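>>> Provided below are the primary sequence and the corresponding predicted coordinates.
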Amino acid sequence: MGYFNNKVAIGWHWLYNIMQSNHPYPEVSFLIIGNIVTGMMGVSGDSPANRLTTLS
């Protein structure tokens, strides 16, 4: 949520804490990858419109 509110430092802090926790659940890996792609890179997909957008 920090990335979506232009609070990159807070977003990275919490994402880093999750990455260091070494949870065995696959959901944690998907959460990390999803936050990097959508939060840090700003990628969002719109399948009905067949469109992919980024922040840049």
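Yep, that arrived.
>>> Going by length in residues, pull out the top helix of the protein.
helix 8-20 (DSSP state H).
>>> State the mean pLDDT of that one.
Mean pLDDT, helix 8-20: 81.
>>> So which elements touch it?
helix 26-35 (3 or more CB pairs under 8 Å, 6 or more residues apart in numbering; DSSP states H and E). For the C-beta atoms, the positions are set from N, CA and C on the backbone; glycine is no exception.
>>> in the helix it packs on, what counts as buried?
Asn35 (16 or more other CB atoms under 10 Å).
>>> same deal with stretch 14-23?
For stretch 14-23, burial by neighbour count (16+ other CB under 10 Å) applies to Leu15.
>>> Distance from the chain centre to it, please.
13 Å (CA atoms, centre = their mean, to the nearest Å).
>>> Other residues contacting it?
Gly2, Val28, Leu31, Ile32, Asn35, Ile36, Gly39 (CB atoms under 8 Å, 6 or more residues apart in numbering).
>>> Can you show me the CA trace of that stretch as PDB?
Only the C-alpha atoms of stretch 14-23 are listed here, as PDB (Å, rounded to 0.1, in the frame of the first residue of the first chain):
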ATOM      1  CA  TRP A  14       7.600  -3.700   4.900                       C
ATOM      2  CA  LEU A  15       8.200  -5.600   1.700                       C
ATOM      3  CA  TYR A  16      11.800  -6.200   2.800                       C
ATOM      4  CA  ASN A  17      10.600  -7.400   6.200                       C
ATOM      5  CA  ILE A  18       8.300  -9.900   4.500                       C
ATOM      6  CA  MET A  19      11.100 -11.100   2.300                       C
ATOM      7  CA  GLN A  20      13.400 -11.700   5.300                       C
ATOM      8  CA  SER A  21      10.700 -13.700   7.200                       C
ATOM      9  CA  ASN A  22      11.300 -16.900   5.000                       C
ATOM     10  CA  HIS A  23       7.700 -18.100   5.200                       C
END
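>>> Centroid-nearest residue for this protein?
Note on the chain: the residue nearest the mean C-alpha position is Asn35, at 0.9 Å, using CA atoms, centre = their mean.
>>> Nice, that's everything, thank you.
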